[in-house]
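Student: sequence-free structure coming up:
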């Protein structure tokens, strides 16, 4: 099959590799209908994170079940499924506690930017739609494999409630989904920190009541003005850099929680400030499977349309262009059609 | 009046200083019936934290109101009161959100190890008993000025619930009160990490079901054995060192929260582990006033006896001996009688 590999920073290409095969009786093979490039793929594309040359790329996809292992009971060939980036058995102690991302049988999608993907722990991980979905729904269903549940997790971790004032740091696809999550949960004021007009527009469409384009201390000061000096009830940190984390803690009111979902890079947490102001930190790798049933219902009923984060669609053989567009921030998020 | 001052590391003495006077109409002066030495006083006594020589000591006390400012409406001379170490107006946005320790009119007790103490924001801070309490209750009432609400705060921040398995890191007075708090909240298993037999005994009396004397990786491994490899539902970090924080995160199950109340000294938070395992951190300086009504009721009804942490009582002129006993860990906590 054709699949995407990263050979060196900036050098991403499609090549022919062997088709995936069932390796365990709990596996399923999914023919990819749509895959995506993730903001976290850029850490390696930019050479920030190490990797072995030839690394298979793509942990987000949706598709049609092609083949299942002997122990897979809930799915059969032809089912249309959402493949969570993190696979789980949905039965272990951590899954039962809602932390599917710490499953004792954890696995991850590897060839979502390819023609076929292997889902380990298929019964525990996959969620199917009721028949083949409308084409128009595909982007939103694809968003359920990672970015929407990740933004949702930030809001859950931050404890967003009806009537809250929420700050979202980061205007990537996850941050925008965080805005959508906060709005869906009933937040009254949602302050999106964004300096890109197209992203700010989408943030507003998703429910942001304020957009702060400034960064650093200037941005924090503006948020404090909007919140009348009190700070935000909940903060969603959707980037993972030290600067974004610093901003998140600067705008959190005492007693608030920063919900973080951006894989941390060079972050030093301000433990003294956290102590003196009683600002907590919660979150991490999103337990996608935990939220999927609820989010799928929200998508199918038309209440949320997270697929709007995809502002470009490219065929698989142009995947390199997709990486460049996201690297240069000319696209928010790119959908890849195999 | 006579009061305790710290002149140099290891040099703590009682000397004559001017009596406190009302400085604001919201102030009250309290004649101290009992004060205490706090574990956090030892950071300065040991020379770890800087201070100005002559620093007045003692932020924990109970006593009788001697004089009140013109704006104090809820107290009058003769009332027996608990003086929280952190004073608050109990009306600002942060107090209303339950974070009294971030009150916009924050103040702190300064001469609790002296004959009189000044309570700023008396109406918002003080809580009185119904008449003069029994002498036997004094230690438990004194514990309500800091250590018991602080241990309670750790348990609240860590999200302790009925049936939980809870680990308490630290066997000082706050850690022991954390054990008592977790037991009162219905925790099923409480693992106290303690290597001092007298403290371990009190931990058991307060509700600990297990005591782990080992530290570091060995101690964490034992906790993981007790929890059948899952980890604790909630962890109370009651020390504030990097080693204790490392242990706290090592024993927390995915999705758990470490509730921290030990002022952090040299702590570097393991942000990567927090992310990959979804372990949160919450807590900080305890909002004593928030918990006082509930805790006072628990003490008066005999349900909790936090005063058992005081295993030594000294007259004020022997306060230096009290510091040495706590420094050398021959006493858990020392009660000072002016």
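Tutor: Looks like it arrived, so ask away. As the structure is a computational prediction, the values presented were derived from the model and not from experiment. Residues are numbered from 1 along each chain as shown, chains lettered A, B, ... in the order given.
Student: Report the rounded mean pLDDT for the helix or strand hosting residue A:139.
Tutor: Assessed by DSSP states H and E, residue A:139 sits inside helix A:138-143. Averaged across helix A:138-143, the pLDDT comes to 98.
Student: elements contacting it?
Tutor: strand A:28-36, strand A:61-68, helix A:288-300, strand A:310-315 (3 or more Cβ pairs under 8 Å, 6 or more residues apart in numbering or on different chains; DSSP states H and E). Glycine gets a C-beta too; all of them are placed from N, C-alpha and C.
Student: Kindly reformat those as TSV containing mean pLDDT.
Tutor: Shown next, in TSV, are those (pLDDT from 0 to 100):
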stretch	mean pLDDT
strand A:28-36	98
strand A:61-68	98
helix A:288-300	98
strand A:310-315	98
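Student: which one of these lies closest to residue B:116?
Tutor: helix A:288-300 (56.0 Å; Cβ to Cβ).
Student: three-state assignment of the closest residue to residue A:184 other than its chain neighbours?
Tutor: Among residues not flanking residue A:184 along the chain, residue A:304 sits closest, at 6.0 Å (Cβ to Cβ, 6 or more residues apart in numbering or on different chains). Secondary structure, DSSP: H, G, I helix; E, B strand; the rest coil: residue A:304 is coil.
Student: can you count the residues close to residue A:304?
Tutor: By other Cβ atoms under 10 Å in any protein chain shown, 23 other residues sit near residue A:304.
Student: dump the residue contacts of it.
Tutor: Applying Cβ atoms under 8 Å, 6 or more residues apart in numbering or on different chains to residue A:304 gives the contacts A:140, A:148, A:180, A:184, A:295, A:298.
Student: How are the helices of chain A distributed by residue range?
Tutor: Ranges of helices in chain A, per DSSP state H, are A:41-45, A:93-96, A:122-125, A:138-143, A:147-157, A:173-184, A:197-206, A:216-226, A:242-251, A:271-277, A:288-300, A:319-327.
Student: Residue A:89 contacts residue A:96, correct?
Tutor: No - between residue A:89 and residue A:96 there is no contact under Cβ atoms under 8 Å: 10.2 Å.
Student: Between these two, tell me which one has more neighbours.
Tutor: Higher neighbour count among residue A:89 and residue A:96: residue A:89, with 20 against 10, using other Cβ under 10 Å.
Student: give me phi/psi at that one?
Tutor: When read as degrees, to the nearest 10, the backbone of residue A:89 gives phi -80, psi -10.
Student: quick one: it from residue A:102, how far?
Tutor: When Cβ to Cβ, to the nearest Å is the yardstick, residue A:89 and residue A:102 sit 12 Å from each other.
Student: do the same with residue A:120
Tutor: According to Cβ to Cβ, residue A:120 stands 15 Å off from residue A:102.
Student: ok, the two, which is more surrounded?
Tutor: Taking other Cβ under 10 Å, residue A:120 and residue A:102 do not tie; residue A:102 has more neighbours (25 against 22).
Student: Close to chain B: what parts of the stretch 1-150 of chain A are there?
Tutor: Applying Cβ under 8 Å from any Cβ of the partner chain, one finds that the stretch 1-150 of chain A approaches chain B through A:93-94, A:97-99, A:101-102.
Student: export those to TSV and tack on distance to residue A:16?
Tutor: Below are these laid out as TSV (distance: Cβ to Cβ, whole Å):
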residue	distance to residue A:16
A:93	41
A:94	38
A:97	42
A:98	40
A:99	38
A:101	32
A:102	35
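Student: which pair in those residues spans the largest distance?
Tutor: Across the residues of the stretch 1-150 of chain A next to chain B (Cβ to Cβ), the longest gap, 13.6 Å, separates A:93 and A:101.
Student: Between the two, tell me which one has more neighbours.
Tutor: Neighbour comparison, residue A:93 and residue A:101: the larger count goes to residue A:101, with 29 against 17 (by other Cβ under 10 Å).
Student: so the more buried one makes contact with residue A:263?
Tutor: No - Residue A:101 is beyond contact range of residue A:263, at 11.9 Å (criterion: Cβ under 8 Å).
Student: Which neighbours do those two have in common?
Tutor: The contact sets of residue A:101 and residue A:263 overlap at residue A:285 (Cβ under 8 Å, 6+ apart).
Student: Tell me which residues touch the residue nearest in space to the middle of chain A, please.
Tutor: Most central in chain A under Cα atoms, centre = their mean is residue A:147, positioned 2.1 Å from the mean C-alpha point. Residues counted as contacts of residue A:147 (Cβ under 8 Å, 6+ apart) are A:36, A:38, A:60, A:173-174, A:177, A:306, A:309, A:333.
Student: residues near the residue nearest to it when sequence neighbours are not counted, how many?
Tutor: Nearest non-adjacent residue to residue A:147, counting by Cβ to Cβ, 6+ apart: residue A:173, 4.5 Å away. Residues near residue A:173, counting by other Cβ under 10 Å, number 32.
Student: Could you pull up the residues touching residue A:173?
Tutor: A:39, A:143, A:147, A:309, A:332-333.
Student: how close does the closest residue to residue A:265 other than its chain neighbours sit to residue A:142?
Tutor: Using Cβ to Cβ, 6+ apart and skipping residues adjacent in sequence, the residue nearest residue A:265 is residue A:240, 5.3 Å away. Going from residue A:240 to residue A:142 by Cβ to Cβ gives 22 Å.
Student: More neighbours: which of these two?
Tutor: Ranked by neighbour count (other Cβ under 10 Å), residue A:240 and residue A:142 place residue A:142 first, with 29 against 22.
Student: Can you give me the distance of that one to residue A:333?
Tutor: Relative to residue A:333, residue A:142 is positioned 9 Å away (Cβ to Cβ).
Student: Check residue A:195 too.
Tutor: For residue A:195, the distance to residue A:333 - Cβ to Cβ - is 18 Å.
Student: Settle it for me: which of these two has more neighbours?
Tutor: Using other Cβ under 10 Å as the criterion, residue A:195 and residue A:333 rank with residue A:333 on top: 27 against 13.
Student: quick one, what contacts that one?
Tutor: Applying Cβ under 8 Å, 6+ apart to residue A:333 gives the contacts A:36-37, A:39, A:147, A:172-173, A:309-312, A:326.
Student: for residue A:142, same thing?
Tutor: Counted by Cβ under 8 Å, 6+ apart, residue A:142 has contacts A:34-36, A:60-62, A:82, A:307, A:310, A:335.
Student: any idea which of those residues has the most stuff around it?
Tutor: The contacts of residue A:142, ranked by neighbours (other Cβ under 10 Å): first place residue A:35, 33 neighbours.
Student: so that one sits right up against residue A:61, yeah?
Tutor: Yes - when contacts are counted by Cβ under 8 Å, residue A:35 is listed as touching residue A:61 (4.3 Å).
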